[in-house]
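*Asks:* pasting the sequence and the predicted coordinates here, then a few questions.
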Amino acid sequence: MTLLFTLLVLPCHSRLFADALVVVANGKSDYVIALSGQSRDLAKLNEAATLLQSSIKKATGVELLVVKESNASADADAIYLGKTAAAKRAGLPIQKVTGWGYLNRVVDRNIYLIGEEERARPLKPRQQGYSGFSGTYKAVTTFLEQQVGVRFVLPGEVGIHVPELKRLAIDATMDVSWSPRFTFIGRRVSPYSGKHEYDPYAIANNFFGRYASDSRVFWTGGSHTWSEFVPREKYIETRPDYFGLFEGKRDPLRRNILCLSQSEVHDLLVKGVVKKFDEGYQMVMLGQADGYVECQCDKCQAIHPDVGEKLWIKHRQIAERIRALRPEKQVVLSSYVTTTKPPLSFDSFPENVVIMNNRYSPAYFKAWKAFPTPRVVYIPDWLRSWPRVPPRYAVNLVRLWKENNVIAVYMGGGLDQPGCSWGLNGPSYYTFGKAMEDPSRGADELEREFIEASFGAAAEPMGAFFRAMHRRMEARQLLDRHETGNPDRRYRGFPFEMYPDDYLCHFFPPQILNEMDRQLARAQERAQSDETRARIELVAAEFRYLQSVATVHHMFRAYQVAPSWTLFDALQKQVRGHAKIYDWLHPNGKALNPGGYRKLRTPFNIGWPCNDALKKVTGPPFDWDFEKIRQSGDLPVPVIKPRIRGGQSLKPYESKGAPGNSKTDGNNPNDPETGAPFDQ
Ligand SMILES: [Zn+2]
């Protein structure tokens, strides 16, 4: 602990190792960087070498030469990258290092950073891409973190923190190996990974997927794969009976909803999944159409009275047929909306089934305990929503996944999307990524690591700024989407954010906003480097926006309990202030990118509930015409309706006597506007 503390507070020094190997001293180095000639993707190996070379140069001022292994002199000291002949000669178990895994070891005076490469297949229309991998690149980011003190805090070069070192001495007993605990699937993390394929931030923090499939592990097909296997465009004219019957007509919804009782439909689903296996994928998604509702034909109605159970029964049968054909491969079934809850009419899945869960609270994992399949978690708008995932929550979730046999994390479109937040969510993204690498590391330690590296001399106030926000936000997991005893099988837990102001007013009360404001001002005074100032600017821009929206909401609450012209005037002033902040963040109609982080996505276009991109905040009082109201002479008395999320397309469930369902099924009051159970 003392050692760690010393390392954090002394700005310019070499790291301390009991048995040290000197790589750079007195402005000189005996080392070269020597590359394997054997990689399946030499370009990636070169990128890894460039990152190592530039980081050591930035730290020490000394540039190591990069050479091919075959050109390196046999008696020179070298940092060997990849599966080199030298590593083989040194007796290192290079054949055991695969995928994103690595082995970093010192033998005599040589440093071996060992991994292997595979090329990506780019995403094309009608053809899903998959990410390649480079274990050597991961070996390099780990070496830089552990031995040089580099931290990858934001995407791109501006996000790499490199400490200044007069002397670089590494641990002469270094011997670390690693392989991923999760397959991560999630498109790209930033535009940097689009251009270079490898954004060092993404690799260092374990966001490995660039395309929507990570290597050839998992074909996701966007998760709703009925349309791939039984495409509506192909069959609607010749076989309209393949598609759902609604009020006497086939396919009026045009949503690729299948008639589940047709055996020819099953044949096509089996064939489609097997075809994907034969293209090389290990796991293939078999997922119902988005917005699935049940086909009303007599045969489908006879499968089971419950809308979700029909899917479980039929998808299970299809998985069994697939198992007979390709027993070594896995079918991924979707637990989503109508299938969120586990099956009722059977008690086990065939061995080739993996379940993709899109709810992953402890309660849901408990409910699924009876079905101990491997799992994929689907987290499309989890980290992307702004800001809502404190580091402790992120780490706890990763640990929960580990305990519940989660093998892959599917993040939909990744982190390079409108709404992603690199300022206020920075510590959470970092902590989540690092927890995926090693779930035993504590959230507080990781948060501190991020803050020290990101904010330097302003770390103390920035730490206080983030702690104020995170300690408050930790309560969110206690509030959101928990079971309330609603027996409807389609019920997905109660959404905390029923009213537009719920989220910001609860998590950002005036006390928290004021404390964050105060700490930010202290941090701005203390910042010493351009790097630190830029990062604070990024955080501050996001905070100013959030603060302005929250403040309007707070004032509007006061107005609602005690309407008066005084409060009306104050509210108008506050809404104007918010509009100014909005305009400041949108110079020339485009979102501002503060701190020089031009390429990062920002959350500024986002209204409530934090993921509705490209819109201003709407609803009273943001869109009130204050002047007109004042002229009318009548104070407005707003009626704010609760916003009910999900379930809009569900019709009341009226079937009785379904196995396992309680007698109250079908008797829940339904919202007349949405048709959903009242508390959905
Ligand atoms: Zn049908």
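*Replies:* Sure, I can see it. Just so it is clear, the structure is predicted and the values come from calculations on it, not from any experiment. Numbers count the residues shown, from 1 in each chain.

*Asks:* return the distance of the spatially closest residue to residue 152 that is not a sequence neighbour relative to residue 297.
*Replies:* Setting aside the residues directly before and after it, residue 152 is nearest to residue 204 in space (C-beta to C-beta, 6 or more residues apart in numbering), at 3.8 Å. For glycine as for every other residue, the C-beta is placed from the backbone atoms N, C-alpha and C. Using C-beta to C-beta, to the nearest Å, residue 204 is found at 53 Å from residue 297.

*Asks:* so between these two, which is more surrounded?
*Replies:* residue 204 (26 against 17; other C-beta atoms under 10 Å).

*Asks:* was I right about that one contacting residue 143?
*Replies:* No: counting by C-beta atoms under 8 Å, residue 204 sits too far from residue 143 to count as a contact (10.7 Å).

*Asks:* how about the residue lying closest to residue 273 once chain neighbours are set aside, what does it touch?
*Replies:* Leaving out its chain neighbours, the residue that sits closest to residue 273 by C-beta to C-beta, 6+ apart is residue 284, at 5.0 Å. Counting by C-beta atoms under 8 Å, 6 or more residues apart in numbering, residue 284 touches 218-219, 221, 225, 273, 276-277, 329-332.

*Asks:* is the closest residue to the ion within the stretch 301-450 of the chain part of a helix or strand, or is it coil?
*Replies:* Nearest to the ion, among the residues of the stretch 301-450 of the chain, is residue 301, at 7.8 Å (C-beta to the ion). Taken by DSSP: H, G, I helix; E, B strand; the rest coil, the conformation at residue 301 corresponds to helix.

*Asks:* okay, the contacts of residue 284 in a markdown table with secondary structure and neighbour count next?
*Replies:* Below are the contacts of residue 284 laid out as a markdown table (DSSP: H, G, I helix; E, B strand; the rest coil; neighbours: other C-beta atoms under 10 Å):
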| residue | secondary structure | neighbour count |
| --- | --- | --- |
| 218 | strand | 26 |
| 219 | strand | 22 |
| 221 | coil | 22 |
| 225 | coil | 24 |
| 273 | helix | 27 |
| 276 | helix | 22 |
| 277 | helix | 19 |
| 329 | coil | 18 |
| 330 | strand | 23 |
| 331 | strand | 28 |
| 332 | strand | 28 |
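
*Asks:* got the residues you listed as a markdown table, with distance to the ion and pLDDT columns?
*Replies:* Listed next are those as a markdown table, based on distance: C-beta to the ion, whole Å; pLDDT from 0 to 100:
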| residue | distance to the ion | pLDDT |
| --- | --- | --- |
| 218 | 30 | 91 |
| 219 | 27 | 91 |
| 221 | 23 | 86 |
| 225 | 19 | 95 |
| 273 | 21 | 98 |
| 276 | 25 | 95 |
| 277 | 27 | 96 |
| 329 | 28 | 98 |
| 330 | 28 | 97 |
| 331 | 22 | 98 |
| 332 | 24 | 97 |
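
*Asks:* run the chain-centre distance for the longest helix seen in the chain.
*Replies:* Criterion DSSP state H: the longest helix present in the chain is helix 530-561. In this view, helix 530-561 has its centroid 24 Å away from the chain centroid, taken as C-alpha atoms, centre = their mean, to the nearest Å.

*Asks:* so what does that helix touch, helix or strand wise?
*Replies:* Using 3 or more C-beta pairs under 8 Å, 6 or more residues apart in numbering; DSSP states H and E as the contact test, the elements touching helix 530-561 are helix 426-437, helix 443-455, helix 459-473, helix 502-507, helix 510-526, helix 565-585.

*Asks:* sorry, back to before: and the residue nearest to residue 273, bridged to which residues?
*Replies:* residue 219, residue 331 (DSSP bridges).

*Asks:* quick one, domains of this protein?
*Replies:* 11-179, 521-632, 644-680 (automatic domain parsing).

*Asks:* could you pull up the mean pLDDT of the second one?
*Replies:* When pLDDT is averaged along domain 521-632, the result is 83.

*Asks:* mind checking the end-to-end distance for it?
*Replies:* The first and last residues of domain 521-632 sit 42 Å apart, counting by C-alpha to C-alpha, to the nearest Å.

*Asks:* helix, strand, or coil at residue 113?
*Replies:* Per three-state DSSP, the secondary structure class of residue 113 is strand.

*Asks:* which residues touch stretch 78-93?
*Replies:* So stretch 78-93 is contacted by 23, 31-36, 38-39, 45, 48-49, 52, 64, 69, 72, 94, 97, 103, 105, 107-108, 110-117, 136, 139-140 (C-beta under 8 Å, 6+ apart).

*Asks:* for it, buried residues please.
*Replies:* 78-84, 86-87, 92 (16 or more other C-beta atoms under 10 Å).
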